[in-house]
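A.B. asks: sequence-free structure coming up:
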């Protein structure tokens, strides 16, 4: 942020107004999908535009803010409950525009709070039918990356709609909202196993996994480790534990669903997976990134940049995969980080608009899902080896992003 607009604030009323505005902006940014590390940067840099100092401590379920003027002997403190986070990247883009206008002097403190309210009131650019399409594209796209059969691509897309329906119902039911991961895994696993009975050769495990792919918390695991590396200990541990619990709920739900069907029928073994060309793999990446953009509510004008970010990340995975297990994740994250920096500097977009969908294509959450499933089916030794591979992959992603 530029400091050309910096001024000193000594009036108590104006000082409190700045503090309240910064607090509300941070809360909205969290709701739109910004990580706590980035929020801390906002809290320290934004108040400097007005000549004050700010600091934030995230200790879920609360956020603690502390502001002070150069002449203050005691800081001004605000405690606010931590709102639920989501991914609304269109609103985040408008929030980034507001920050740029403040830093360049195009917007003043007088109009900024009203613009903040307007941003929060904007309707999402994509209605439910488009979001449902996003679920289908992600399910079918990841099925290609996991070498599922052509028929399984269709089954994964259809069951992704079931997950979308459960997600919509969870918005109206607090009881379901607390059990959405387990319920989605159970339902999709049962349906995938029934499909495998009706269509011998279908891979029930892969179909069920691709159906719930949007719920797998690869992003939480990666961001959690990144926050730990940035010394945001409380939030980092909270994200990692949350990601592990979600993955565990998905794995247990999947095992429960398949066990119910296997208790009555014998599900035929799946056929050997087909081999897709690299061209089809990249086409699937385009579909996945488009689906994620619809789910995360990316602005239509930013779609091409999000899709290109996913292609760059997957290109790194393909190239690095020739050298070892972790090199693909490292090169993919490195390419995504460089690309994100260039796009942010050129288009003045928040980095999260590019990074959040792009990190999803690196899929550390899928590896965690496989690791826990291996732990269940192959015992402790095989499971621990798989889970260690997840840790290595996450560290490689973070290393690439930091570099």
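C.D. replies: In hand now; what should we look at? As the structure is a computational prediction, the values presented were derived from the model and not from experiment.
A.B. asks: what's the neighbour count on residue 355?
C.D. replies: 26 (other C-beta atoms under 10 Å). No exception for glycine: its C-beta is placed from N, CA and C like everyone else's.
A.B. asks: Nearest spatial neighbour of it, chain-adjacent residues omitted?
C.D. replies: Counting by C-beta to C-beta, 6 or more residues apart in numbering, residue 355 lies nearest to residue 340, which is 5.3 Å off, once chain neighbours are set aside.
A.B. asks: which residues touch that neighbour?
C.D. replies: 309, 351, 354-355, 358 (C-beta atoms under 8 Å, 6 or more residues apart in numbering).
A.B. asks: Could you dump those residues into CSV and include pLDDT, secondary structure and distance to residue 36?
C.D. replies: Listed next are those as CSV, based on pLDDT from 0 to 100; DSSP: H, G, I helix; E, B strand; the rest coil; distance: C-beta to C-beta, whole Å:
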residue, pLDDT, secondary structure, distance to residue 36
309, 93, helix, 22
351, 82, helix, 14
354, 89, helix, 19
355, 86, helix, 14
358, 86, helix, 19
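A.B. asks: Can you tell me which of these is closest to residue 190?
C.D. replies: residue 358 (32.9 Å; C-beta to C-beta).
A.B. asks: thinking again about what came up before, now the residue nearest to residue 355, what's its secondary structure?
C.D. replies: helix (DSSP: H, G, I helix; E, B strand; the rest coil).
A.B. asks: Distance of it relative to residue 318?
C.D. replies: 19 Å (C-beta to C-beta, to the nearest Å).
A.B. asks: residue boundaries of the strands in the chain?
C.D. replies: 53-59, 62-68, 76-81 (DSSP state E).
A.B. asks: Just send those back as a markdown table, with distance to residue 120, mean pLDDT and mean neighbour count too.
C.D. replies: Below are the strands of the chain laid out as a markdown table (distance: least, C-beta to C-beta, whole Å; pLDDT from 0 to 100; neighbours: other C-beta atoms under 10 Å):
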| stretch | distance to residue 120 | mean pLDDT | mean neighbour count |
| --- | --- | --- | --- |
| strand 53-59 | 20 | 85 | 18 |
| strand 62-68 | 17 | 90 | 18 |
| strand 76-81 | 15 | 90 | 13 |
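A.B. asks: Could you say which one of those comes nearest to residue 236?
C.D. replies: Closest among the strands of the chain, using C-beta to C-beta: strand 53-59, at 9.8 Å.
A.B. asks: that older thread, out of the strands of the chain, flag the one nearest residue 264.
C.D. replies: By C-beta to C-beta (comparing all of the strands of the chain), the closest turns out to be strand 76-81, at 46.9 Å.
A.B. asks: Packing partners of that closest one?
C.D. replies: Helices and strands touching strand 76-81, by 3 or more C-beta pairs under 8 Å, 6 or more residues apart in numbering; DSSP states H and E, are helix 12-32, strand 62-68.
A.B. asks: Make a markdown table from these and add distance to residue 43 to it.
C.D. replies: Listed next are those as a markdown table, based on distance: least, C-beta to C-beta, whole Å:
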| stretch | distance to residue 43 |
| --- | --- |
| helix 12-32 | 6 |
| strand 62-68 | 7 |
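A.B. asks: looking at these, which is closest to residue 201?
C.D. replies: helix 12-32 (43.2 Å).
A.B. asks: what angle do the closest one and strand 76-81 make?
C.D. replies: With axes from the mean of the first three to the mean of the last three C-alpha atoms, to 10 degrees defining the directions, helix 12-32 sits at 30 degrees from strand 76-81.
A.B. asks: which other helices and strands contact helix 12-32?
C.D. replies: helix 36-45, strand 53-59, strand 62-68, strand 76-81, helix 89-104, helix 112-121.
A.B. asks: what's the spacing between the closest residue to residue 68 other than its chain neighbours and residue 19?
C.D. replies: Distance criterion C-beta to C-beta, 6+ apart; nearest residue to residue 68, sequence neighbours excluded, is residue 75 at 4.2 Å. To residue 19, residue 75 is 10 Å away according to C-beta to C-beta.
A.B. asks: Also residue 199?
C.D. replies: 61 Å.
A.B. asks: try residue 354
C.D. replies: For residue 354, the distance to residue 19 - C-beta to C-beta - is 30 Å.
A.B. asks: Look at those two and report which has more neighbours.
C.D. replies: The neighbour count for residue 354 versus residue 19, taken as other C-beta under 10 Å, is higher for residue 354 (28 against 23).
A.B. asks: isn't that one right up against residue 345?
C.D. replies: No. Assessed by C-beta atoms under 8 Å, residue 354 is found out of contact with residue 345, at 11.5 Å.
A.B. asks: could you check the distance from the spatially closest residue to residue 403 that is not a sequence neighbour over to residue 276?
C.D. replies: Closest residue to residue 403 apart from its sequence neighbours, by C-beta to C-beta, 6+ apart: residue 334 at 5.9 Å. Going from residue 334 to residue 276 by C-beta to C-beta gives 25 Å.
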